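Q: okay, structure incoming, though there's no sequence with it:
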């Protein structure tokens, strides 16, 4: 069955009834979609990686309590984290960047904790 490719507008012989593109254009369309997705997520991903590197370096220096000022000086962006959990004992949220969590222990001072997935 002959169809018109939605990408290049040229006719092609479709092997399936719902086929929209001929094979070469299908690859180009999928690559464009992937490239657009990567461009949209690259900035956030870079911020998360930087945050993780900062926390890992602080952990290696055995920094238990970290001030918000110090985090900011290091370039940490507190607005970006991978997930959040609530500590019911302290009644406070834990902000995670991958496996490293920050919990506010007093105003603008955080404790760094590492968590492992079981």
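A: Great, that's in hand. Because the structure is a prediction, the values reported are computed rather than measured.
Q: in contact with the closest residue to residue 44 other than its chain neighbours, which residues are there?
A: Nearest-residue entry for residue 44: residue 80, 6.5 Å, with adjacent residues in sequence omitted and distances by C-beta to C-beta, 6 or more residues apart in numbering. The C-beta positions use only the backbone N, C-alpha and C, and glycine is treated the same way. By C-beta atoms under 8 Å, 6 or more residues apart in numbering, the residues touching residue 80 are 44, 47-48, 51, 97.
Q: secondary structure of residue 104: a strand, I assume?
A: Yes. According to DSSP: H, G, I helix; E, B strand; the rest coil, residue 104 belongs to a strand.
Q: so who does it touch?
A: 92, 110.
Q: who is it paired with across the strands?
A: Taking DSSP bridges as the rule, residue 104 bridges to residue 110.
Q: so how far is residue 100 from the residue positioned nearest the centre of the chain?
A: Nearest residue to the geometric centre of the chain (C-alpha atoms, centre = their mean): residue 45, 4.4 Å. Noted for residue 45: a distance of 16 Å to residue 100, by C-beta to C-beta, to the nearest Å.
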